[in-house]
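Student: With the sequence up front, the predicted model follows.
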Amino acid sequence: TSIPYRRRGFVFRCAGLYGDNFSALHTVLKSGVSDDLFQTQEHEKRRREEGLTSRVHLEDVGRAIVACMEDDTIVPSSSHESSTINYDIVNLADSLPARRSEVMYHANQLLLNSTVTVSFKSEKAVTSERRRRRKRDRKRVMNDKMRSILNTYSGLKYPSYVEGLKSILEQNTENW
């Protein structure tokens, strides 16, 4: 009896994507930065109500997908005996899930401390539906498989939004 040929397959589940043209930096710039952002009691109350959300830089997503295509030693862990495909589900996320307000605060601080010309405005009011959705959203995922896949490629290039946003700001200084 011959052993049937089994193909490899991956299902990639992306966390909140951000990259050079879409990030918390862009959101803060669009709504205007503030030197007292998130300092009020109302903001502190909202921050505590928010759930943690995983994010991932677009470049790390691409690196993980290419690694899975190129590296034959990455063997998916799941299969069904009647299937000709070994498959695996890979969560593409960085290693630091965070509240949206923390990411926005960090982006705001980066912009305030940069040479980018920014406009100062007060924070726009968030609609109550959006606020309710953020309260109940919990989008935190494990990224162990992604980190394992990228170990042979020097790991995550952007292990958290901190490194990712800093890189976006530094690489796009002319475009702001």
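Tutor: Thanks, I have it.
Student: Can you pull the poorly scored residue ranges out of the protein?
Tutor: Within the chain, the segments meeting pLDDT under 70 span 1-6, 35-47, 74-85, 117-140, 173-176.
Student: where along it do the helices fall?
Tutor: Counting by DSSP state H, the chain has helices at residues 24-31, 41-49, 58-70, 100-112, 128-136, 144-150, 161-171.
Student: Buried residues of the fourth one, list them for me.
Tutor: With burial defined by 16 or more other CB atoms under 10 Å, the residues of helix 100-112 counted as buried are 100-108, 110-111. From N, CA and C alone the C-beta is placed, and that goes for glycine too.
Student: How about the last one?
Tutor: Buried residues in helix 161-171, defined by neighbour count with 16+ other CB under 10 Å: 161-162, 164-165, 167-169.
Student: what's the answer for the third one, then?
Tutor: The neighbour-count check on helix 58-70 (16+ other CB under 10 Å) flags 58, 60-61, 63-65, 67-68 as buried.
Student: Turn those into a markdown table, columns for distance to Leu156.
Tutor: Shown next, in a markdown table, are those (distance: CB to CB, whole Å):
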| residue | distance to Leu156 |
| --- | --- |
| Leu58 | 13 |
| Asp60 | 5 |
| Val61 | 11 |
| Arg63 | 8 |
| Ala64 | 9 |
| Ile65 | 14 |
| Ala67 | 11 |
| Cys68 | 15 |
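Student: Among those residues, which one lies nearest to Arg7?
Tutor: Nearest to Arg7, judged by CB to CB, of those is Cys68 at 12.6 Å.
Student: tell me the contacts of that closest one?
Tutor: When contacts are counted by CB atoms under 8 Å, 6 or more residues apart in numbering, Cys68 touches 8, 10, 74, 90, 149.
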